[in-house]
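>>> task: produce atomic coordinates for the following.
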Amino acid sequence: QVQLVESGGGLVQAGGSLRLSCAASGRTFSTYAMGWFRQAPGKEREFVAAILRSGRNTKYSDSVKGRFTISRDNPKNTVYLQMNSLKPEDTAIYYCAARYSGWSDLSRDYNYWGQGTQVTVSS
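From the prediction side, this is the model:
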């Protein structure tokens with residue numbers, strides 16, 4: 001069982017940066033692949049980024065590639081999402097998620113979810 005708590009969201013102007021954190025409970029964090037998803041009002045939840053257990057392999061959606069960076073610190077049971085050059089279309093609730101093995105860009109493949117943190121980018 002893993003509990004996930006996101007933090008770091010807020011209001012930022014276009015072109016600005018935010019760093020999201022997701023703290024996980026439990027001693028098995030390093031055994032999970034981790035992902036970030038987001039959901040804007042009236043839209044489906046969409047994949048943002050994922051990172052494998054070791055942290056050496058990452059994957060991004062085309063919409064954030066080159067602007068966002070996912071990383072993890074296994075001893076601290078934390079995964080991060082550094083978001084640079086933010087755009088108004090990045091406005092959404094951001095969720096972190098954990099899955100037992102491998103990575104996926106499908107939300108249904110993830111086993112555990114956080115409550116989400118709001119990111120609002122003003123133009």
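
>>> was I right about residue 30 contacting residue 74?
Yes. Residue 30 is within contact range of residue 74, at 4.2 Å (criterion: CB atoms under 8 Å). All C-beta spots, glycine's among them, are computed from the backbone N, C-alpha and C.

>>> mutual contacts of those two, please.
Residues touching both residue 30 and residue 74 (CB atoms under 8 Å, 6 or more residues apart in numbering) are residue 53.

>>> host element of the closest residue to residue 116 other than its chain neighbours?
Among residues not flanking residue 116 along the chain, residue 93 sits closest, at 4.2 Å (CB to CB, 6 or more residues apart in numbering). Secondary structure from DSSP states H and E places residue 93 in strand 92-99.

>>> immediately after that strand, which helix or strand?
Using DSSP H and E, the helix or strand that follows strand 92-99 towards the C-terminus is strand 112-113.

>>> for residue 32, see how far away residue 54 is.
12 Å (CB to CB, to the nearest Å).

>>> would you state the strands of this protein in chain order?
Shown for the chain, the strands assigned by DSSP state E span residues 4-7, 10-13, 18-24, 33-39, 46-51, 58-60, 68-73, 78-83, 92-99, 112-113, 117-122.

>>> got TSV for these, with mean pLDDT, distance to residue 106 and mean neighbour count too?
Below are these laid out as TSV (pLDDT from 0 to 100; distance: least, CB to CB, whole Å; neighbours: other CB atoms under 10 Å):
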stretch	mean pLDDT	distance to residue 106	mean neighbour count
strand 4-7	97	18	18
strand 10-13	98	28	13
strand 18-24	98	19	20
strand 33-39	97	9	24
strand 46-51	97	7	23
strand 58-60	96	12	17
strand 68-73	97	17	18
strand 78-83	98	18	23
strand 92-99	97	10	23
strand 112-113	96	13	18
strand 117-122	98	21	17
